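Engineer: I'd like to go over a predicted model; first the sequence, then the structure.
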Amino acid sequence: MVARELRPKPGTATPATGTAAEPEERIDDPLDPLENVPTELDEFTHAEFIAVYNDASANIRFAKEQQWRTVLYFTIGAIAVTTYGEMSDWADSKLTFYLLVIVWLFSLTSVGILLSLQWWQGAEQEKIAYLTAKWSSFTTAARRRKSKTVSDLQRYGMLASMVLYLELSTIAVTRVFWPYL
């Protein structure tokens with residue numbers, strides 16, 4: 001017998017009580033409902049909700065991928081500009097200044113892109129929350145397993161680390177360029 005077979009089925013588990021003679025009635029917990037209350041949506045509306053849900057999920061994955069690509073492309077650009085400066089022995093101070101301005105513009109633009117994509121992800125998460133609230137009680141319980149606050153903290157923590165990386169990289173490039181201006 002494996003542990004999976006020993007686990008109670010959803011909605012059939014009863015908490016252990018002090019005595020076996022008095023069975024205690026189980027309280028209906030929103031995170032573990034006693035029974036599944038099916039969705040009240042008709043078949044076509046439910047299919048539309050699933051299509052919108054899948055679209056929102058794909059949009060979130062796309063936005064996350066674009067955030068990481070933005071950081072990657074900025075890093076490659078900063079390395080390329082710094083390498084060019086080193087290979088040319090910083091011969092032209094005016095070009096060095098223009099390259100530094102470009103790095104700062106790309107840095108600020110990248111931060112704007114990251115913030116915009118983060119806002120988009122939040123909007124798509126709200127759409128998913130609305131859709132799944134209309135589904136069965138088991139689906140709602142499954143979605144509530146992870147706190148929205150924890151998800152937001154993780155999402156904004158990653159955003160803060162990306163922005164910090166971009167700005168610290170920009171400052172590092174500026175320090176490399178500064179003596180040659």
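Structural biologist: Yep, it's here. Residues are numbered from 1 along each chain as shown.
Engineer: now do the phi/psi pair for the most centrally placed residue in the chain.
Structural biologist: Centroid check for the chain by C-alpha atoms, centre = their mean gives Arg155 as the closest residue, at 4.8 Å. With angles defined as degrees, to the nearest 10, Arg155 sits at phi -60, psi -50.
Engineer: touching, it and Gln121? I think so.
Structural biologist: Yes: if you go by C-beta atoms under 8 Å, Arg155 and Gln121 touch, sitting 7.0 Å apart. For the C-beta atoms, the positions are set from N, CA and C on the backbone; glycine is no exception.
Engineer: tell me the contacts of Arg155?
Structural biologist: Contact analysis of Arg155 by C-beta atoms under 8 Å, 6 or more residues apart in numbering lists 118, 121-122.
Engineer: which among the residues you listed end up buried?
Structural biologist: Neighbour-count burial (16 or more other C-beta atoms under 10 Å) is assigned, among the contacts of Arg155, to 118, 121.
Engineer: dump the contacts of Arg155 into TSV; add distance to Lys146, pLDDT and secondary structure as well.
Structural biologist: Converted to TSV, those look like this (distance: C-beta to C-beta, whole Å; pLDDT from 0 to 100; DSSP: H, G, I helix; E, B strand; the rest coil):
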residue	distance to Lys146	pLDDT	secondary structure
Gln118	18	97	helix
Gln121	15	96	helix
Gly122	15	94	helix
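Engineer: which one of the contacts of Arg155 is nearest Tyr53?
Structural biologist: Tyr53 lies nearest to Gln121 out of the contacts of Arg155, by C-beta to C-beta, at 14.8 Å.
Engineer: against Thr109, how distant is Leu181?
Structural biologist: Separation of Leu181 from Thr109 (C-beta to C-beta, to the nearest Å) stands at 22 Å.
Engineer: for Glu35, that is, sorry about that
Structural biologist: Note on Glu35: its distance to Thr109, by C-beta to C-beta, is 53 Å.
Engineer: show me the longest helix that occurs in the chain.
Structural biologist: Under DSSP state H, the helix in the chain containing the largest number of residues is helix 43-87.
Engineer: next, the angle helix 43-87 makes with the helix or strand hosting Ala172.
Structural biologist: Counting by DSSP states H and E, the secondary-structure element that holds Ala172 is helix 148-177. If you take axes from the mean of the first three to the mean of the last three C-alpha atoms, to 10 degrees, helix 148-177 sits at 20 degrees to helix 43-87.
Engineer: any buried residues in helix 148-177, and which?
Structural biologist: So, applying 16+ other C-beta under 10 Å, buried residues of helix 148-177: 159, 162-163, 166, 169-170, 173, 176-177.
Engineer: tabulate those (TSV), appending distance to Phe49 and pLDDT.
Structural biologist: Shown next, in TSV, are the buried residues of helix 148-177 (distance: C-beta to C-beta, whole Å; pLDDT from 0 to 100):
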residue	distance to Phe49	pLDDT
Leu159	29	96
Met162	32	97
Val163	34	97
Leu166	37	97
Ser169	42	96
Thr170	43	97
Val173	47	95
Val176	53	93
Phe177	53	92
